[in-house]
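Asks: Requesting a structural model of the entry that follows:
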Amino acid sequence: MKQMIDFTNSQNDNFDFAMFGIPKNVVEEMNLDYMLKDGLDKLVESQEMIKKCKNKVMILFDGYNEDRREIYEIFEVRDYIQALTLDFPYWFYFCSTDPKDGTLRVIHLAHCRFKNFGPGGAKVNVEDANKNYDFLLQHLIDFYSKYNLDKADLKIRITEVADYFRNSKVIPL
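Replies: A predicted model of the protein is given here:
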């Protein structure tokens, strides 16, 4: 059974993913501290935590179940993700690349103009997609340098992220 990380318990060494649920009121209030100080900043508190949380972060937005739009179509969610990314641009390192998890996909689509072509599929503006991908890729490279992480692992991670997007239903216009 999968276990969610408990950031309040530093003794918790074994977890399969770090799940963050963001309530609707947090999004509407643009309360970035909710995610930064109480969660994402903890991911970079130590070299050990950085390595433990690689490829394990998943984000859910609570309170939008009744909304018929895809989560990345909701303007306040898009605004929240864009603002959060300015303070924490390390999604390519921390987010899960499990094909069943759509966190990276949602983050990417929140930064791009797009057109829907069916449930779960979007045609993304190529210029926006490339600009966002390059932005996040540069921050991934900077992250490895800043925290003195293995350069061979960086190449692997870049491939994992590229494969995630190649296999998702996000296609250029």
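Asks: okay, CA-based contacts and neighbour counts for the rest of this
Replies: Noted.
Asks: Phi and psi next, for F20.
Replies: Backbone torsions for F20, taken as degrees, to the nearest 10, come to phi -120, psi 120.
Asks: Quick check: closest non-adjacent residue to it.
Replies: Ranked by C-alpha to C-alpha, 6 or more residues apart in numbering and with sequence neighbours excluded, the top spatial neighbour of F20 is I59, at 4.8 Å.
Asks: Counting by contacts, list what the host helix or strand of that neighbour packs against.
Replies: Assigned by DSSP states H and E, I59 belongs to strand 57-62. With contacts defined as 3 or more C-alpha pairs under 8 Å, 6 or more residues apart in numbering; DSSP states H and E, the packing partners of strand 57-62 are strand 18-23, helix 103-110.
Asks: Can you tell me which of these is packed in deepest?
Replies: helix 103-110 (a mean of 21; mean count of other C-alpha atoms under 10 Å).
Asks: Which neighbouring elements make contact with it?
Replies: strand 57-62, helix 75-87, helix 126-146.
Asks: Give me the contacts around the second one.
Replies: This means helix 75-87. Helix 75-87 is contacted by residues V27, E28, M30, L32, I71, Y72, W91, I107, A110, H111 when judged by C-alpha atoms under 8 Å, 6 or more residues apart in numbering.
Asks: I'd say H108 and N132 touch.
Replies: Yes. The pair H108 / N132 is scored as a contact, 7.0 Å apart, by C-alpha atoms under 8 Å.
Asks: returning to what we had before: report the inter-axis angle for the strand holding I59 versus helix 103-110.
Replies: 60 degrees (axes from the mean of the first three to the mean of the last three C-alpha atoms, to 10 degrees).
Asks: For N132, which non-adjacent residue is spatially closest?
Replies: H111 (6.6 Å).
Asks: Burial check on that neighbour, number of neighbours?
Replies: 20 (other C-alpha atoms under 10 Å).
Asks: Let me have the helices and strands packed on strand 57-62 in TSV, extended by distance to L86.
Replies: Output for the helices and strands packed on strand 57-62, formatted as TSV (distance: least, C-alpha to C-alpha, whole Å):
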stretch	distance to L86
strand 18-23	17
helix 103-110	12
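Asks: Make CSV from those and add mean pLDDT and distance to G63 to it.
Replies: Shown next, in CSV, are those (pLDDT from 0 to 100; distance: least, C-alpha to C-alpha, whole Å):
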stretch, mean pLDDT, distance to G63
strand 18-23, 91, 6
helix 103-110, 91, 16
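Asks: Which of these sits closest to E160?
Replies: helix 103-110 (11.8 Å; C-alpha to C-alpha).
Asks: Residues contacting the closest one, please?
Replies: With C-alpha under 8 Å, 6+ apart, helix 103-110 has contacts from 58-60, 71-73, 77-79, 81-82, 91-92, 95-97, 124, 129, 132-133, 165, 168, 170.
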